[in-house]
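In: Can you look at this prediction? I've put the sequence above it.
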Amino acid sequence: MELSRKRRMRDWSEFQKVREKGTSASGRYLVIAAHPDPTLDDRRFGLITSKKAARKAVTRNLLRRRFREIIRKWGAHLPDKHRFVTIARFRAPGASFQELEADWIKTAKRLKLWTEEG
């Protein structure tokens, strides 16, 4: 699944709507929040990597690249017409790509929105 510009959330208001009105599930390295939006044609994704999670910009950018790759690989298993926000937790910089991937999948399944066909 391509993570094109139209599939990315850019406006802070979109992030706020997901955090305030959506449901969330937390894992060891990340939090995923989801909010259904019937006006969307497809699913949209946003990433939050704060200075609290990783102090250095290099590390935050690495986390973003890893999360984008995970979403490209597994995002099709999530339903359409939803907004999803992935938030890095303070333990995330110490995790390998495989650990982040496993935690993202486990957390997405905990939201009960995961479908096996993707």
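Out: In hand now; what should we look at?

In: A helix includes F15, no?
Out: Yes: applying DSSP: H, G, I helix; E, B strand; the rest coil, one finds F15 inside a helix.

In: Settle this for me: it is touching G46, isn't it.
Out: Yes: counting by Cβ atoms under 8 Å, G46 is a contact partner of F15 at 5.6 Å. From N, CA and C alone the C-beta is placed, and that goes for glycine too.

In: Mutual contacts of those two, please.
Out: Listed as contacting both F15 and G46 by Cβ atoms under 8 Å, 6 or more residues apart in numbering are 9, 85.

In: Which parts of this structure are helices?
Out: 12-21, 57-74, 97-110 (DSSP state H).

In: E2 is nearest to which of those?
Out: Nearest of these to E2, taken as Cβ to Cβ: helix 57-74 at 7.0 Å.

In: measure the residue nearest the centre of the chain to P38 for me?
Out: Geometric centre of the chain, nearest residue: T86, 2.7 Å, by Cα atoms, centre = their mean. Distance, T86 to P38, by Cβ to Cβ, to the nearest Å: 22 Å.

In: How about residues contacting the least confident helix or strand in the chain by mean pLDDT?
Out: In the chain, no helix or strand scores lower on mean pLDDT, DSSP states H and E than helix 12-21, which sits at a mean of 92. Residues outside helix 12-21 that contact it (Cβ under 8 Å, 6+ apart): 9, 33-35, 44, 46, 48, 83-85.

In: returning to that earlier point: of the helices of the chain, which is nearest G27?
Out: Here helix 97-110 is closest among the helices of the chain (Cβ to Cβ), at 3.8 Å.

In: helices and strands around that closest one, which ones?
Out: strand 23-26, strand 30-36, helix 57-74 (3 or more Cβ pairs under 8 Å, 6 or more residues apart in numbering; DSSP states H and E).
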